[in-house]
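S.K.: Give me the fold of what follows.
(chains A and B)
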Amino acid sequence: MTTNIIQKIENQQRRIDHYFVKPGDKIEVHTRIIEGEKVRIQIFKGDVIAIKNGRDNNRTTITVRKFSGGYGVEKIFPLHSPMIEKIELVNRGLVRRSKLYYQRLRKGNAARIKPKNVW
Amino acid sequence: MAAGLIGRKLGMTQIFKEDGVVVPVTVIEAGPCFVIQKKETEKDGYTAIQVGFERKEKNVKRPAAGHFKKAGCGVFGKLKEFRVTASELGNYELGSELNVTMFKAGEKVRITGFTKGRGFAGVVKRWGFGGGRTTHGSKFHRRTGSVGQNVNPGKIWKGKHMPGRYGNEQVTVKNLEVVRVVPADNTIVVKGAVPGSVGSIVYIKK
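M.R.: Sure, this is the predicted structure:
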C-alpha cells in the first residue's frame, strides 16, 4: 500500500518509450532547450556507458559519452525527464559489462564500441 | 489559523516539473480525519478542535468509547488538537470529515513530526564536532575533548555539548511547499524532507 502510492506517483512520469536503452548503445538524445521565449532541440550523440539509480523508478539516469573536438565529453540525462524530446537508437553495441567506465581510458579507434549484429 | 490533519509519512521520491527541474518530495498519507471534540472558551479556556485519524475497532477501553460516542463517527487510534479561533470554531461540526482537499498545490504548510531516534549518540553526530584524525598516531578519534577550564570557573558550564540521547524529539518544519494533492489516495505531496521515519505520524498545519 505504502509503496504503491509512491510508485503511482512515479509511474505518472515514467517514459516507457525510453526503456530500450542499454549500456553500449549508440544513441541520439534530443533535448529541448529553452532560451528565453524560444525552444530548440539539441542533439547529443554518443555511447551509453552507464545506467544508474535503478530501472523501476523515475530516477533513472543514463551517462552518454562522446568525443567532441578531441576531448571526451560525458553528459548525464535523467531518463524520464520531460525535457527529453526523444531518444533515437543508432545501433546496439557489443559489450559485456553494465558499466563501461573503461571507455574513459580509451581514445580514437580503441574507444569504438563494436556494433552488435542484429538481424 | 486553520485546522490541520494527521498523517503518515510514506516516503520520498522525486517529481519532474514541466521545465525539467527535479523536485525532491515527501509523500504523506493524510486523513481523512474526523472532528471528535470542540474545545470552547467557556468550558476549556481556549478554542480548538480535536481530530481523530485511523479507525480503531479492537481493544477500545470504555472511557475512550464514551469520549468518541459524542461525535458518533467511530473510534480512532490517533488524536490531535488543532487550535482554531473562536469565530472559526463554528465552521467545524462534530463528526465532520477533514481531508486533504483543505490544502492546495502551491500552498505553504508546516509539518510536525518526531525525528528518528539515534539512541545514545556521541558528540560528533549529536553536535557536529569535528573529531580528530583517524590515523598518523592520533588517539583523538571521535572524543569529546576538553569540557572546561581550571579552578576558575571550577565547574562545567550548563548546556555544555556532550554525548547523550539524540533524536526522537518533536521537530516542526515550516514553509514546506505543497506540490500536489491527490484526494483519491488521501495523499499530499510536499517539497523537501519531513522529520521521522517512513510510517511515522506527522501533523500537517496550514
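
S.K.: Tell me the residue of chain A that sits nearest chain B?
M.R.: residue A:83 (3.4 Å; CB to the nearest CB). Where you see a C-beta, it was placed from the backbone N, CA and C, and this is true even at glycine.

S.K.: what number of residues lie near that residue?
M.R.: 18 (other CB atoms under 10 Å in any protein chain shown).

S.K.: and what of the one 3 residues further on?
M.R.: Per other CB under 10 Å, the neighbour tally for residue A:86 reads 12.

S.K.: wait, it sits on residue A:32?
M.R.: No: Residue A:86 is beyond contact range of residue A:32, at 10.1 Å (criterion: CB atoms under 8 Å).

S.K.: Now residue B:138: closest residue in space that isn't a chain neighbour?
M.R.: Sequence neighbours aside, residue B:132 is the residue nearest to residue B:138 in space, at 5.1 Å (criterion: CB to CB, 6 or more residues apart in numbering or on different chains).

S.K.: ok, now which ones touch the residue of chain A closest to chain B?
M.R.: A:31, A:32, B:19, B:20 (CB atoms under 8 Å, 6 or more residues apart in numbering or on different chains).

S.K.: Beta-bridge partners for the first one, please?
M.R.: With DSSP bridges as the criterion, the beta-bridge partners of residue A:31 are residue A:42, residue A:84.

S.K.: Next, the contact list for it, please.
M.R.: Neighbouring residues of residue A:31 by CB under 8 Å, 6+ apart: A:41, A:42, A:43, A:44, A:77, A:83, A:84, A:85.

S.K.: what's the answer for the third one, then?
M.R.: By CB under 8 Å, 6+ apart, the residues touching residue B:19 are A:34, A:83.

S.K.: Quick check: it is in a strand.
M.R.: No: under DSSP: H, G, I helix; E, B strand; the rest coil, residue B:19 sits outside any strand and is assigned coil.

S.K.: With residue B:191 as the reference, measure out to it.
M.R.: From residue B:19 across to residue B:191, the span is 15 Å (CB to CB, to the nearest Å).

S.K.: And the strands in the chain?
M.R.: Let's take chain A. In chain A, the strands defined using DSSP state E lie at A:26-35, A:38-52, A:61-68, A:71-78, A:84-91.

S.K.: wrong one, chain B
M.R.: Assigned by DSSP E, chain B shows strands spanning B:5-16, B:22-30, B:33-39, B:48-55, B:76-83, B:97-98, B:108-114, B:119-121, B:164-166, B:170-182, B:187-191, B:201-205.
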